[in-house]
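Asker: 3D, please:
(4 chains)
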2 protein chains.
Amino acid sequence: MTVTINDVAQAAGVSKGAVSYALNGQPGVSQETRDRILRVAKELGWTPNLRAKGLSSSKAYALGLVVARDPLLLGTDPFFPAFIAGIETALAEHEYALVLSVATAPGAEERCYRKLVDNGRVDGFILTDVRHDDSRIALMLELKLPAVTLNRPDAASPFPAVSVEESEGIVAAVEHLMELGHSRIAHVGGAQEYIHGRSRRQAWEDALRGAGLRPDLFAAADFTAAGGVAATADLLRRPDRPTAIVYANDLMATAGQSYAQSMGLSVPGDLSITGYDNAEFTKYLNPPLTTLATDPMLWGRASAQLMLNQLAAPRGVEDITLPSPRLIVRASTGPVPATPTEPLRSS
Amino acid sequence: MTVTINDVAQAAGVSKGAVSYALNGQPGVSQETRDRILRVAKELGWTPNLRAKGLSSSKAYALGLVVARDPLLLGTDPFFPAFIAGIETALAEHEYALVLSVATAPGAEERCYRKLVDNGRVDGFILTDVRHDDSRIALMLELKLPAVTLNRPDAASPFPAVSVEESEGIVAAVEHLMELGHSRIAHVGGAQEYIHGRSRRQAWEDALRGAGLRPDLFAAADFTAAGGVAATADLLRRPDRPTAIVYANDLMATAGQSYAQSMGLSVPGDLSITGYDNAEFTKYLNPPLTTLATDPMLWGRASAQLMLNQLAAPRGVEDITLPSPRLIVRASTGPVPATPTEPLRSS
DNA sequence: GATAGGAGCTGAACCGGTTTAGTGAATACA
DNA sequence: TGTATTCACTAAACCGGTTCAGCTCCTATC
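Answerer: As a prediction, this is how the structure comes out:
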């Protein structure tokens, strides 16, 4: 049937232990014997049984990823699939697998993590969608499992983080708009419980302040299309209505653009719009969306690699900073309108 | 540290074996002893160690899902995240986990499957994106693992399938267009190597034939935005250019709509367009897209459930048929233009 | 030339479950 | 009343690796 370490030992005329040493590159066997064992193992087509390996070494040889989102929203984010693909590229090179859990119900997230740990499914977690004061840091410490966070948490965290200078991307978008003459540049923020929601807002504020402008055209939203519409409606009703809106993601930007157009505004004639993510479809909007391109594959690869490094050498793993998002200028941004703008009436 | 079956046995004053029988509901212990063991196990907070369990029972307690797509395309499909969430809802009720692999390189798919099996990571696979004459059926038989397919393969398959009457959805879209007076109804097909690409085309052909029309306005594409544009350009250049196009997915429809508009056509004034998937963003296109809504969560849940049933009782698991996609009528479809249409010149 | 030390290897314990063979007592049957 | 069967349970083997303790034999040391 399947060939075990016993078969190899027998075929090579040594004990199980010797085979184990040889196969794991540990001292205890001569070079000669080692070579012979490796040759025999190869001939027999031996592969380690991870279940047995895991049982004795108390390892799972797998990483966990728990995604806590409303499943209806899950499909709207172009980030995840590519991110996961990136994780795979790193894991494939080692004997690691990815165990994915989706926590749909609100309270299910913590249970998900606990279950994976209790069942010994994973050796560590990649924490995405890091939140303000994220309780998962404490949870990881309690569960005694290593982790990697996407973005550095705002609370103290002993875990390495993969970060990106969100600010530079948003700053580039704001500067692009200022070059086009805009000064009333609004921001429709993503859910502020998330670090990336906050940092994008912060970057927008900093960019405006850096140019001597007041960052008062802010509308809170939640990364959803409906939220984007509501926030846009709010901004457009203000007396000092913006001539440009920087959105925290593409979906809100798309919905906002659509809403503005439905209210009779021209994009970019009356209103310039920028997104964030560079979702494939944004290229085919009307007008195509100016947006910020990130590299989710790279995020995935980097975080998995960081996790593997940490498992190999628990101490001294340092944060990784990824290149900033790239501004993709398309037709949804244009010169500031010459005529003064008036607030929209509510529909 | 962690509490094992030995601890429970000792605390309950019985042997390991008795505990195992009691916990697995097997005969061999009296009701009285069984109750006591269960109570003690609960008190001690015992959870089975899946690694140990798996080692002796040769099971992984996990399902595998291998996604073989260009990672750049992965993010464009709203299907997967929700599908995976659906799988989870079924798995969460049992002690099963989902192991996800992404095969990015062309030849990597088979290696992915083999590796998961060789490493004993999974007890079965869910096969998505089933292709014409799909080699994975033979692979599963060779690997001796059970599987569930999304859509019934066209070659003989011993595995249960989760299917949906694609035809009814496409037929509904075609009939909707015919009610609006269209008779030159084209189809931009998805990659025809996929069963779902083929069956959507077949449904479109059947629907036209059923109405006495010739299904000759077909353009092959591959589910990508770029492919959608090329196919649309092809169709619009024909002398008998269509007044409506039924696309095999939303991304191609979005790209096609954008292309048509860029060529000066009005949607739906000159050209009606329907998509497939009901991706969130399609509601916010300009015009919002008429499309077919599927239920990826349900797909996921049903296929995982089917897999679990099969693992529990290898024989006699039957196919499941899911409700047909629902036609969502939005503004991208309208009455057929009154004036005769002329072929577009190449740009 | 006795001795310490280390290299190279073996045998067995161990990880935490499942499962089989076997045992003693109670029960059924003739 | 003696024998066969069933029930409830235990001890031990087993799954396939890792790892520890210990045993040889060879070499270096004084």
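
Asker: quick one: contacts for residue A:305?
Answerer: For residue A:305, the contacting residues are residue A:90, by CB atoms under 8 Å, 6 or more residues apart in numbering or on different chains. All C-beta atoms are positioned from the backbone trio N, CA, C, and that covers glycine.

Asker: residue boundaries of the helices in the stretch 51-200 of chain A?
Answerer: A:71-74, A:79-91, A:108-118, A:135-143, A:166-179, A:195-210 (DSSP state H, counting those that start in this stretch).

Asker: is chain B contacted by the host helix or strand of residue A:253?
Answerer: Of the helices and strands defined by DSSP states H and E, residue A:253 is found in helix A:250-262. Yes: contact of helix A:250-262 with chain B (CB under 8 Å from any CB of the partner chain) involves A:251, A:254-255, A:257-259, A:261.

Asker: May I have that helix as PDB, with CA atoms only?
Answerer: Coordinates of each C-alpha in helix A:250-262 appear next as PDB, following Å, rounded to 0.1, in the frame of the first residue of the first chain:
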ATOM      1  CA  ASP A 250     -13.800  50.900  -5.500                       C
ATOM      2  CA  LEU A 251     -17.200  49.600  -4.600                       C
ATOM      3  CA  MET A 252     -18.100  52.800  -2.800                       C
ATOM      4  CA  ALA A 253     -16.600  54.900  -5.500                       C
ATOM      5  CA  THR A 254     -18.600  53.000  -8.200                       C
ATOM      6  CA  ALA A 255     -21.800  53.400  -6.200                       C
ATOM      7  CA  GLY A 256     -21.100  57.000  -5.500                       C
ATOM      8  CA  GLN A 257     -20.300  57.800  -9.100                       C
ATOM      9  CA  SER A 258     -23.500  56.100 -10.200                       C
ATOM     10  CA  TYR A 259     -25.500  58.100  -7.600                       C
ATOM     11  CA  ALA A 260     -23.900  61.400  -8.600                       C
ATOM     12  CA  GLN A 261     -24.800  60.800 -12.200                       C
ATOM     13  CA  SER A 262     -28.300  59.800 -11.300                       C
END
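
Asker: From the chain's centroid, how far away is it?
Answerer: 24 Å (CA atoms, centre = their mean, to the nearest Å).

Asker: residues making contact with whatever helix or strand comes next after it?
Answerer: Sequence-wise, the next helix or strand downstream of helix A:250-262 (DSSP H and E) is strand A:272-274. Residues outside strand A:272-274 that contact it (CB under 8 Å, 6+ apart) are A:173, A:176-177, A:180, A:182, A:243-247, A:253, A:256-257, A:260, A:267, A:289-292, A:332-334, A:336.

Asker: Quick one: name the residues of chain A near DNA strand D.
Answerer: Residues of chain A lying near DNA strand D by CB under 7 Å from any atom of the strand: A:1-2, A:4-6, A:16-17, A:19-21, A:23-24, A:26, A:46-49, A:51-53, A:55-57.

Asker: Please identify the residues of chain A in proximity to DNA strand C?
Answerer: Taking CB under 7 Å from any atom of the strand as the criterion, the contact residues of chain A with DNA strand C come out as A:13-18, A:21, A:27-34, A:52, A:55-56, A:58.

Asker: Nearest to DNA strand C: which residue in the stretch 201-347 of chain A?
Answerer: residue A:311 (19.5 Å; CB to the nearest atom of the strand).

Asker: swap in chain A?
Answerer: residue A:17 (3.0 Å).

Asker: Just the pLDDT for that residue.
Answerer: Residue A:17 is assigned a predicted lDDT (pLDDT) of 92.

Asker: which ones are touching it?
Answerer: Contacts for residue A:17 (CB under 8 Å, 6+ apart) come out as residue A:28.

Asker: Tell me which other helices or strands the helix or strand bottoming out on mean pLDDT in chain A touches.
Answerer: When the helices and strands of chain A are compared on mean pLDDT, DSSP states H and E, helix A:71-74 comes out lowest with a mean of 74. With contacts taken as 3 or more CB pairs under 8 Å, 6 or more residues apart in numbering or on different chains; DSSP states H and E, helix A:71-74 sits against helix B:79-91.

Asker: residues of stretch A:27-46 that come out buried?
Answerer: Buried residues in stretch A:27-46, counted by 16 or more other CB atoms under 10 Å in any protein chain shown: A:29, A:33-34, A:36-38, A:40-41, A:46.

Asker: Same check on stretch A:206-219?
Answerer: A:207-208, A:213, A:215, A:217-219.

Asker: and that stretch, how far apart are its ends?
Answerer: Across its full length, stretch A:206-219 reaches 16 Å end to end, with CA to CA, to the nearest Å as the criterion.

Asker: Residues in contact with it: which ones?
Answerer: Looking at what lies outside stretch A:206-219 - CB under 8 Å, 6+ apart - the contacts are A:167, A:170-171, A:174-175, A:178, A:183-189, A:201, A:204-205, A:231-232, A:234-235, A:238, A:240, A:242.

Asker: so what's residue A:181 up against?
Answerer: Under the criterion of CB under 8 Å, 6+ apart, the neighbours of residue A:181 are A:335-336.

Asker: tell me the phi and psi of it?
Answerer: phi 100, psi 0 (degrees, to the nearest 10).

Asker: how near is it to residue B:247?
Answerer: For residue A:181, the distance to residue B:247 (CB to CB, to the nearest Å) stands at 39 Å.

Asker: go on, residue A:31?
Answerer: 63 Å.

Asker: can you check residue A:50 too?
Answerer: Distance, residue A:50 to residue B:247, by CB to CB: 44 Å.

Asker: of those two, who's got more company?
Answerer: residue B:247 (33 against 23; other CB atoms under 10 Å in any protein chain shown).

Asker: List the contacts of the nearest residue in space to the more buried one that is not next to it in sequence.
Answerer: In space, residue B:247 comes closest to residue B:253 once its chain neighbours are excluded; the distance is 3.7 Å by CB to CB, 6 or more residues apart in numbering or on different chains. With contact set as CB under 8 Å, 6+ apart, residue B:253 has these partners: B:188, B:228, B:245, B:247, B:273-276, B:282, B:289, B:291, B:332.
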